[in-house]
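*Asks:* can you look at this prediction? I've put the sequence above it.
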Amino acid sequence: RQGRSSASKYPGLENYEVLEKMGEGAFSVVYKARHLISNKLVAIKVLRKFQMDRSQKQAVLKEVTIMRQLKHPNIVRFAEVIESDSYYYIVQELAVGGEIFAAIVNFTYLSEDLSRHIIYQVAEAVRYLHEEVGVVHRDIKPENLLFQPIAFRPSLNPFSKLRRSDDPKTKKDEGEFVPGIGGGTIGVVKLADFGLSKQIWEHNTKTPCGTVGYTAPEIVRDERYSKEVDMWAIGCVLYTLLCGFPPFYDERIETLTEKVARGKYTFLAPWWDEISDEAKYCVTRLLTVDPKKRYTINDLLNDPWLSKAKKPTSAVV
Ligand code: ADP
Ligand code: MG
């Protein structure tokens, strides 16, 4: 196979060989690609300018502005942005494993250990965003949580950890879970998609963006932009990882909206019967309707259930 470039289909991507599709969103298609000079694999988010209005184009540039500031092991790293007449291309670190969403679909639900392994890393990424960069992600969901598979001990079935391990009948086969090593196929979790994210203060200065002096109180504390929305979303993700279905669901959007507004969810039997009270407590504190009483990111990192997680070790045996 020759290193054929992608000049014909995607003008502007002459330095890359576009490979298979990794996923897609409402406005984008994401491809795996190979940088022809360095030979490195990357992910390229292709956004079609056609039918994008001014504000949508501005949103893409804002996504790039936010992404290029971010340097964290649990956040997909920005590489470069290329603009052609018809497309924007956002070149970024490739998360080889794809979406965590696929793992839930394939394996129904995850063990408490594996769920903790994932949520701990999401929490580290969000702590960095909320406390160090002043960014609210606003779109945390399984489709935007990607992963980098890492080595697992060959004696273990790589897929066993994707199943619940607290069932005494299957426990024997699964061996000991070691975060960061025995995390089954899910090694390093990478938060992606800053398309809806919002900067609430400038990086390094910690002063809010723009002129705050004349801004009305309801705008200053606009709840749509505040950090609490990410914490709620983490609660929804954690709930979904543990049982395999989301806390709020309805065929009709009106009914769903109403359920969310009331914060009405249950730990449905029998799916939640064997899940620990500590895990349920953590979910409860995240899925708290009053944003002031909801867990902050630091509360979450100190939560008894979550803080059972050890820092993933870099030593892969
Ligand atoms: P959108 O804003 O349209 O939702 P995303 O940035 O979420 O776009 O990308 C869409 C999908 O493409 C993701 O859900 C995921 O499946 C895949 N994807 C995105 N970025 C990467 C990446 N860096 N590595 C691997 N797959 C990715
Ligand atoms: Mg997305």
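*Replies:* On my side now, so go ahead. Ligands and ions are numbered 1, 2, ... in the order given.
*Asks:* report the rounded mean pLDDT for whichever strand or helix holds I219.
*Replies:* If you go by DSSP states H and E, I219 is part of helix 217-220. Mean pLDDT, computed over helix 217-220, is 74.
*Asks:* could you export that helix as CSV, CA atoms only?
*Replies:* Extracted in CSV, the C-alpha atoms of helix 217-220 (Å, rounded to 0.1, in the frame of the first residue of the first chain):
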residue,chain,number,x,y,z
PRO,A,217,-26.3,38.7,38.3
GLU,A,218,-28.5,36.2,36.4
ILE,A,219,-25.9,36.1,33.7
VAL,A,220,-22.9,35.9,36.1
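*Asks:* quick check: residues of the protein near ligand 1?
*Replies:* Listed as neighbours of ligand 1 in the chain under the rule CB under 6 Å from any ligand atom: 22-28, 30, 43, 45, 76, 92-95, 98-99, 143-144, 146, 192-193, 195. Just so you know, the C-beta spots here come from the backbone N, C-alpha and C atoms, and that holds for glycine as well.
*Asks:* sitting in strands, which of those do you find?
*Replies:* Under the assignment DSSP state E, the residues of the chain next to ligand 1 contribute M22, G23, E24, S28, V30, A43, K45, Q92, E93, G98, E99, L146 to strands.
*Asks:* of those residues, which pair is most distant in space?
*Replies:* E24 and E93 (18.1 Å; CB to CB).
*Asks:* that older thread, now the buried members of the ones in strands among the residues of the chain next to ligand 1.
*Replies:* Neighbour-count burial (16 or more other CB atoms under 10 Å) applied to those gives M22, G23, S28, V30, A43, K45, Q92, E93, G98, E99, L146.
*Asks:* excluding its backbone neighbours, what's nearest the fifth one?
*Replies:* In space, and not counting its chain neighbours, A43 is closest to L94: 4.4 Å by CB to CB, 6 or more residues apart in numbering.
*Asks:* repeat that for K32.
*Replies:* In space, K32 is closest to L19, 4.3 Å off (CB to CB, 6+ apart).
*Asks:* helix or strand for the residue in the stretch 201-317 of the chain positioned nearest to ligand 2, which one?
*Replies:* Per CB to the ion, A233 is where the stretch 201-317 of the chain lies closest to ligand 2, at 12.5 Å. According to DSSP H and E, A233 maps onto helix 228-243.
*Asks:* show the subsequent helix or strand relative to that helix.
*Replies:* Next element after helix 228-243 (DSSP H and E): helix 253-262.
*Asks:* now the helix or strand that that next one is followed by against helix 228-243, angle please.
*Replies:* Where DSSP H and E defines the elements, the next helix or strand beyond helix 253-262 is helix 277-286. Interaxial angle of helix 277-286 relative to helix 228-243 (axes from the mean of the first three to the mean of the last three CA atoms, to 10 degrees): 150 degrees.
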